[in-house]
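J.: one predicted model, sequence on top.
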Amino acid sequence: MPMDLKKIESGVRLMLEGMGEKIDRPGIRGTPERVAAMYAELFSGLSTTTEELLKPIEGENHEEMVLLKDIYFYSVCEHHLLPFFGKAHLAYIPDEGRIVGIGDLAKALEILAKRPQVQERLTSQLADLIMSRLRPRGAMVIIDAEHLCLSMRGIKKPGARTVTSAVRGIFRTKESTREEMLELIKKRY
C-alpha cells in the first residue's frame, strides 16, 4: 500500500497544534511536508518486498562461513517513533555451495530496518530471511544499537547499548561454530 503523504502532513499539523505551536509561523510552516518526505524515506522498507532478496549466485561452491560485520544501519522504534542505530553482524554457512552477493546481505538489513521496528524482531527477521532464502547450514545475526527512546526520554541513559542475537541451525547446535563467529567479530584487521 503506498504511503499517504497528505495524511502524514495532516497528522504532523495536528501534533504541532497539540504542542501549542503556531502552525503558520515561518520556521514551522513547511514542517508537515518535510516530515512527510522524511517518513517516506525512513519507512521505504514498508513498500519493498523481501521476495527478490538473497538470490543464490549460480555456479558458486563455497561451504565455509561467510561473515559480514560492522554494517551500520538506522531504524525507527515503533513504540516512540524515535531512531535506533548501530551495527549489525551477520554470518551464514552455505549448504550445497549456495552463496549470495555480500551487498545483498546489507541490502536485506536496510530494507528490514526501514520499517517501524523493534530491534529484537529486526534481528530475527534477518536471520529467518537468510535461512529461508539461502537454506544454509546455519545463520547468526547480532545487532548492537543505541535507542534514542532510552537516551533522550524516560530514564535518559545516553550511550547505553542493546545487543540482540538470532542463532539458527549449526550456530545453535555447535558451540565451536558460534564461538568462531564471535571471535571473528572481535578481530580488527
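T.: It's in.

J.: ramachandran coordinates for the residue nearest to Gly86 when sequence neighbours are not counted?
T.: Leaving aside its sequence neighbours, Gly86 sits nearest to Ala145 (Cβ to Cβ, 6 or more residues apart in numbering; 3.2 Å). Just so you know, the C-beta spots here come from the backbone N, C-alpha and C atoms, and that holds for glycine as well. Here is the backbone geometry of Ala145 (degrees, to the nearest 10): phi -140, psi 160.

J.: do me a favour and get the end-to-end distance for stretch 112-127?
T.: Taking Cα to Cα, to the nearest Å, the first and last residues of stretch 112-127 lie 11 Å apart.

J.: for it, buried residues please.
T.: Neighbour counts over stretch 112-127 (16 or more other Cβ atoms under 10 Å) mark 112-115, 117-119, 122-127 as buried.

J.: what's the answer for stretch 6-15, then?
T.: Using 16+ other Cβ under 10 Å as the test for burial, stretch 6-15 gives Ile8, Glu9, Val12, Arg13.

J.: give the burial count for Met181, as a bare number.
T.: Neighbour count for Met181, taken as other Cβ atoms under 10 Å: 23.

J.: and the residue nearest to the spatial centre of the chain, how far from Asn61?
T.: Among the residues of the chain, the one closest to the centroid is Ala113, at 2.9 Å (Cα atoms, centre = their mean). Relative to Asn61, Ala113 is positioned 31 Å away (Cβ to Cβ, to the nearest Å).

J.: so which residues of the chain form helices?
T.: Listed in chain order, the helices of the chain (DSSP state H) span residues 5-18, 26-29, 31-42, 102-113, 119-134, 148-151, 170-173, 175-186.

J.: can you lay out these as TSV showing distance to Thr50?
T.: Shown next, in TSV, are the helices of the chain (distance: least, Cβ to Cβ, whole Å):
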stretch	distance to Thr50
helix 5-18	24
helix 26-29	37
helix 31-42	18
helix 102-113	7
helix 119-134	6
helix 148-151	26
helix 170-173	21
helix 175-186	23
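
J.: OK, contacts around the nearest residue to Met152 once chain neighbours are set aside?
T.: Leaving out its chain neighbours, the residue that sits closest to Met152 by Cβ to Cβ, 6+ apart is Leu82, at 6.7 Å. Going by Cβ atoms under 8 Å, 6 or more residues apart in numbering, Leu82 touches Val76, His147, Leu148, Cys149, Met152, Arg153.

J.: can you check Ala40 too?
T.: Counting by Cβ under 8 Å, 6+ apart, Ala40 touches Met3, Leu5.

J.: what about the closest residue to Glu64 other than its chain neighbours, neighbour count?
T.: In space, and not counting its chain neighbours, Glu64 is closest to Ile93: 7.1 Å by Cβ to Cβ, 6+ apart. Ile93 has 23 neighbouring residues, counting by other Cβ under 10 Å.
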